[in-house]
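>>> sequence-free structure coming up:
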């Protein structure tokens, strides 16, 4: 006949030892948590920006000539400008601006 070890019974008989281990583990966990590295804003660069403009009632051609082209010319003056891709449709323009890799 094999007797199995009853962990629950052993823990009930050694409550002081169990409480000591729980206290030590709790303190170790709290100290470990306090020692964790924290970096609120990780180091990375967003290299693509979306510029969107609306002009209700304007045709796609009007958006291209009077809004998109002018915005693109101004955006090209930015220091780290790489390229821009633009989309114009009636009443709306969207420009995806990409900055250089070394930005």
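Looks like it arrived, so ask away. Bear in mind that the values here come from a model prediction, so they are computed numbers and not experimental data.

>>> so how far is stretch 23-43 off the chain centroid?
Distance of stretch 23-43 from its chain centroid, counting by CA atoms, centre = their mean, to the nearest Å, is 21 Å.

>>> how far does it stretch from start to finish?
38 Å (CA to CA, to the nearest Å).

>>> for residue 50, give me phi and psi.
The phi/psi pair for residue 50 (degrees, to the nearest 10) reads phi -110, psi 120.

>>> leaving out chain neighbours, which residue sits closest to it?
Residue nearest to residue 50 in three dimensions, not counting chain neighbours: residue 96, with 5.7 Å by CB to CB, 6 or more residues apart in numbering. For glycine as for every other residue, the C-beta is placed from the backbone atoms N, C-alpha and C.

>>> so what's that neighbour bridging to?
Counting by DSSP bridges, residue 96 is bridged to residue 50, residue 85.

>>> got a list of what it touches?
Shown in contact with residue 96 (CB atoms under 8 Å, 6 or more residues apart in numbering): 48, 49, 50, 84, 85, 86.

>>> for this structure, just list every one of the helices.
7-13, 15-34, 60-63, 69-75 (DSSP state H).

>>> mean confidence for the third one?
Yep, that's helix 60-63 we're talking about. The average pLDDT within helix 60-63 is 93.

>>> what does the last one give?
Summarised as a single mean, pLDDT over helix 69-75 is 92.

>>> which intervals of the chain have sub-threshold pLDDT?
When residues are selected by pLDDT under 70, those of the chain lie in 1-2, 41-42, 103.

>>> circling back to that earlier point, pick the one among the contacts of residue 96 closest to residue 77.
Nearest to residue 77 among the contacts of residue 96 is residue 84, at 11.6 Å by CB to CB.

>>> give me the number of neighbouring residues for the closest one.
Neighbours of residue 84 under the rule other CB atoms under 10 Å: 18.

>>> return the residues in contact with it.
Counting by CB under 8 Å, 6+ apart, residue 84 has contacts 72, 75, 76, 95, 96, 97, 98.

>>> so how do I select the buried members of the residues you listed in ChimeraX?
Selection of the buried residues among the contacts of residue 84 in ChimeraX, burial being defined by 16 or more other CB atoms under 10 Å:
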select :72,95,97
